[in-house]
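**Q** Below: sequence and its predicted model.
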Amino acid sequence: MIQSARPTRRHGWTFFAATALLLLAAFFRLWHLSTAPSGIQAEELVNVQLSQELRHGHVSVIYEEAQPAREGLYLAVLAGSTAITGEGLILWRLPSVWLSMLFLAAAFSLMRRLFGGPIALLTLALLAVSFWSLWVSRAILHITLMPLVTVLVMYTLLRAYQFEEINDASLWFTIAGLLIGIAQYIHVTAWALIVIFIAVAIYHRVMDREVFRDHWENVIYSMSLVAALSLPLMLFLIKHPGARQPVHSLQAAEWLAAIPQSILSTITSLAWRGDASPFHNIPGRPAMSLPIGLLMGIGIGVALFRWRRPAYALILVWLGAGLLAAGMLSTEPDFEMMALLLPVIFLFPAMGLSALVDGMRQVVSGAAQQAAIRAMLAVTTLLLVGITVRTYQDFFQVWPALADVQDGYQSELGVLAHYLDAGHDPTPISICSTPVDQPPNAFALSNQGMFQILMHRQDVPIRYFDCTHSLVLANGGESQRLIFPRGHYYEALPGPLLAWMRYAHDERIAGIGPDVLMRIDAQQPLADKAGSFITTAPTAWPPEAGGTLASLPVPFATNVTFLGYVIRDDTITATDWVEMTTYWRLDGPPPSELTMFAHLLGNPVVVIAQEDNLAVQIGTLHPRDVFLEYSMIQTPGSMAAGLYPLSVGLYLPSTGQRLPAYENGQRRADRIFLQRIQITP
């Protein structure tokens, strides 16, 4: 039977100290929650999108769209939380903070019940301020649930074997079975909890047959619950073998042979060489400092020496199963795969210090003993203060500044999202989003999609355009901000659109490079350009509408007006490109969808070459916004010399229906003709 640590009457100071440590932990977990690091990394982004799918009705126990497949329980927690709080980077990370605080409180309760208040307090202190624990508590990943569930499973096992009354024990065994079964839908390492449950049962069968005889029926009942709850997952894995496993290139035999080395690497990562992934850690930074690592070694030695005591056997089984899971699922130290170990790893240094204090009491007596113990406690306090300071510097200053972290977390987008959330500048905002629609990769997002996830304010009117083919000049070109994330404006804009940036200047903000946030005022140049089209951009109605000259501007249905155009070169050879920039204005509420066509014609009805595109997110525009559309039409090599007309128009992509153009309020045609292109031999 697992015995609890001997209770004491005077434990008020313990809870006072625990409360202070929990407040310290809360500070670390909430401090700069949206900026350390800014942005979101790819694995987190997949979870965000899957939780949005779940909230919109796509409910599944496991999501095979992602590789490896994602368990559904954490996604349900994320979806439920954001359904209440709304979305934004802080609100995506906040559930992990809540889960972490529950984990810390539960871990303190478990360790106090197992080994007493002082050991529980030191364990809590290390968990509160360690880099590894802090990263887990702020990541938008499934692993944030594992430490909490693991501690709860250990607590229920502890209580289950403590009760001699069969009904009381049955209740705790039932809870243990439910938790272990549910845990299989949290993370791929959760199978280690089954190993722990079975190993603890075997331990009692060998070491205390009387206790096992009292509980064997409960053990079988709990495992039956686990099997029943895990059945959907097992059926999925039978149908999709390997879908849940992290991808690695080793064959089965090589993988098995590599497990001992992987376990050794996991052990050394604790105090020597940490996780090398910049998304989990400062590459190579160990999970704990060398002095804490030495205390951990002493604590493990103490547990091994006392393995016959059930409490020590429990944590040794926990350690062994966690190392096995981490070694089997990763060939290199991986703090994510090691998260099941997180609570117990920081228990061992506390046990080591306790063993040193007990040894000091046996070796030294009287006043010297008290002085030695005070000195040890003072050194421990200074060590904890040093760990706290170092973690603060590393997590909030060093780690977010790493180039790999900034690239992987797309930190520039996070900084821009924070700028837009916190800003009160009323001038319009237009953001380059390439592509302007959903990318072909199911989990890749355009800039528009990213800002919708990262920003907390959903009422900021933002125009989106693809700056490789378009440019938005809001409110007729009045003062506005143009944002070109993930690059510089001159890297994306084609020449005719780039020319407009001579009216812009760089507006710098901290954390953003040059030529990303630009302020432009082109109202007068745009008005001059539109006025010049009357003489420089000849436009006509098509033959079916009389072929007469059309007066600019030409209004189309759905509140879009054609202002004019510029053709870069109207004399080209076959296979060359026709480069054309068309100017459009929105005169009312925008349509939900729209595409522009540009046709190079052999005769009024034969299309030789074309480009269909609209590189603005039309639904984000506002009345008086002007957008420029850059089109390139490649001419076939078989074209004969001669003059070829150009025509442009608009249509709805969902139906293919062309929109009518009007003159003096009367419908004239569904296209307009521009100047002709000369093809030379």
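**A** Yep, it's here. Numbers count the residues shown, from 1 in each chain.

**Q** Could you use CA atoms for every contact and neighbour count after this?
**A** Noted.

**Q** Show me the helices in the stretch 1-150 of the chain, by range?
**A** Counting by DSSP state H, counting those that start in this stretch, the stretch 1-150 of the chain has helices at residues 12-30, 42-55, 73-85, 89-115, 117-129, 131-138, 146-162.

**Q** Any chance of the ones you listed in CSV with mean neighbour count as columns?
**A** Shown next, in CSV, are the helices of the stretch 1-150 of the chain (neighbours: other CA atoms under 10 Å):
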stretch, mean neighbour count
helix 12-30, 17
helix 42-55, 20
helix 73-85, 19
helix 89-115, 22
helix 117-129, 24
helix 131-138, 24
helix 146-162, 23
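
**Q** Of the ones you listed, give the one that comes closest to Val363.
**A** Of all the helices of the stretch 1-150 of the chain, it is helix 117-129 that lies closest to Val363, at 20.7 Å by CA to CA.

**Q** pretty sure Ala125 contacts Leu23?
**A** No - at 10.8 Å, Ala125 and Leu23 do not qualify as touching, with contact defined as CA atoms under 8 Å.

**Q** Relative to the whole chain's centre, how far out is stretch 610-624?
**A** In terms of CA atoms, centre = their mean, to the nearest Å, the centre of stretch 610-624 is found 29 Å from the chain centre.

**Q** So which bits of that stretch are buried?
**A** Buried positions in stretch 610-624, judged by neighbour count with 16 or more other CA atoms under 10 Å: 610, 612-618, 620-624.

**Q** So which bits of stretch 583-598 are buried?
**A** The neighbour-count check on stretch 583-598 (16+ other CA under 10 Å) flags 583-587, 590-591, 594-598 as buried.

**Q** okay, among those residues, which ones form the most distant pair?
**A** Going by CA to CA, the pair spanning these furthest: Asp587 and Ala598, at 21.7 Å.

**Q** The closest residue to Ala574 other than its chain neighbours in helix, strand or coil?
**A** What sits nearest to Ala574 in space, not counting adjacent residues and going by CA to CA, 6 or more residues apart in numbering, is Gly637, at 4.9 Å. With DSSP: H, G, I helix; E, B strand; the rest coil as the basis, Gly637 sits in coil.

**Q** count of neighbours near Gly637?
**A** For Gly637, the neighbour count with other CA atoms under 10 Å is 10.

**Q** That one contacts Thr575, correct?
**A** Yes - taking CA under 8 Å as the definition, Gly637 is a contact partner of Thr575 at 4.8 Å.

**Q** if we can go back for a sec, out of the buried residues of stretch 583-598, who's nearest Glu629?
**A** Distances from Glu629 to those, taken by CA to CA, are shortest for Tyr583, at 6.5 Å.

**Q** For the nearest residue to the closest one once chain neighbours are set aside, give its distance to Pro494.
**A** Closest residue in space to Tyr583, ignoring its immediate chain neighbours: Leu628 at 4.7 Å, by CA to CA, 6+ apart. Leu628 sits 11 Å away from Pro494, going by CA to CA, to the nearest Å.

**Q** Between those two, which is the more surrounded one?
**A** In this view Leu628 and Pro494 are compared by other CA under 10 Å, and Leu628 has more residues nearby, 25 against 16.

**Q** starting at the chain centroid, how far to the helix or strand hosting the more buried one?
**A** For Leu628, the element it lies in under DSSP states H and E is strand 626-634. Averaging C-alpha positions (CA atoms, centre = their mean) puts strand 626-634 35 Å from its chain's average.

**Q** who's in contact with it?
**A** Applying CA atoms under 8 Å, 6 or more residues apart in numbering, the external contacts of strand 626-634 come out as 469-477, 494, 496-497, 575-586, 598, 600, 609-611, 613-616.

**Q** Show me those that map onto strands.
**A** With strands defined by DSSP state E, the entries of the contacts of strand 626-634 inside them are 470-473, 577-586, 598, 600, 609-611, 613.

**Q** what about the stretch 201-350 of the chain, any weak spots by pLDDT?
**A** When residues are selected by pLDDT under 70, those of the stretch 201-350 of the chain lie in 242-256.

**Q** Quick one: the helices in it, in order.
**A** In the stretch 201-350 of the chain, the helices defined using DSSP H, counting those that start in this stretch lie at 209-239, 252-271, 290-305, 310-329, 342-345, 347-363.

**Q** how about TSV for those, with distance to Asn47 and mean neighbour count added?
**A** Shown next, in TSV, are the helices of the stretch 201-350 of the chain (distance: least, CA to CA, whole Å; neighbours: other CA atoms under 10 Å):
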stretch	distance to Asn47	mean neighbour count
helix 209-239	19	16
helix 252-271	26	17
helix 290-305	34	19
helix 310-329	20	22
helix 342-345	22	24
helix 347-363	31	19
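
**Q** closest to Gly564 out of those helices?
**A** Short answer: helix 209-239, nearest of the helices of the stretch 201-350 of the chain by CA to CA, at 58.5 Å.

**Q** Please report how far the residue nearest to Tyr312 when sequence neighbours are not counted lies from Ser109.
**A** In this structure, Tyr312 finds its nearest non-sequential neighbour in Ala303, 5.3 Å apart by CA to CA, 6+ apart. The gap separating Ala303 from Ser109 is 19 Å, by CA to CA.

**Q** Next: Pro543.
**A** For Pro543 relative to Ser109 (CA to CA), the value is 85 Å.

**Q** One more: Ser430?
**A** As judged by CA to CA, Ser430 and Ser109 stand 52 Å apart.

**Q** contacting residues for Trp132?
**A** Trp132 touches 280-281, 287, 335, counting by CA under 8 Å, 6+ apart.

**Q** Which one of these sits in the busiest neighbourhood?
**A** Counting by other CA under 10 Å, top hit in the contacts of Trp132: Phe335 with 27 neighbours.

**Q** re the thing from before, any chance of CSV for the helices of the stretch 1-150 of the chain, columns distance to Gly177?
**A** Below are these laid out as CSV (distance: least, CA to CA, whole Å):
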stretch, distance to Gly177
helix 12-30, 29
helix 42-55, 26
helix 73-85, 17
helix 89-115, 18
helix 117-129, 26
helix 131-138, 25
helix 146-162, 9
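
**Q** Ok, which of those comes nearest Pro553?
**A** Going by CA to CA, the one of those nearest Pro553 is helix 42-55, 42.7 Å.

**Q** Can you name the element that comes right after the strand holding Leu628?
**A** Following strand 626-634 toward the C-terminus (DSSP H and E): strand 642-644.

**Q** For that following strand, buried residues please.
**A** So for strand 642-644, counting by 16+ other CA under 10 Å, buried means 643-644.

**Q** List of residues touching it?
**A** Under CA under 8 Å, 6+ apart, the answer for strand 642-644 is 600-603, 676-680.

**Q** cutoff 7 Å now
**A** 600-602, 676-680 (CA atoms under 7 Å, 6 or more residues apart in numbering).

**Q** just stretch 548-559 next, same as before
**A** Stretch 548-559 is contacted by residues 534, 539-541, 561-564, 586-591, 659-663 when judged by CA under 7 Å, 6+ apart.

**Q** From start to finish, how long is that stretch in a straight line?
**A** 23 Å.

**Q** still on that earlier bit, given the strand holding Leu628, what are its sheet partners and their directions?
**A** Sheet pairing of strand 626-634 (DSSP bridges) gives strand 470-473 (antiparallel), strand 577-586 (antiparallel).

**Q** Beyond the shortest one, next helix or strand please.
**A** It refers to strand 470-473. As assigned by DSSP H and E, the chain's next helix or strand after strand 470-473 is strand 480-483.

**Q** avg pLDDT for that next one?
**A** Averaged across strand 480-483, pLDDT comes to 95.

**Q** i'd like the first residue to be 7 from this point on
**A** Happy to do that; since the first residue is 7 now, the last one works out to strand 486-489.

**Q** For it, which helices and strands make contact with it?
**A** Applying 3 or more CA pairs under 7 Å, 6 or more residues apart in numbering; DSSP states H and E, one finds that strand 486-489 contacts strand 435-438, strand 523-526.
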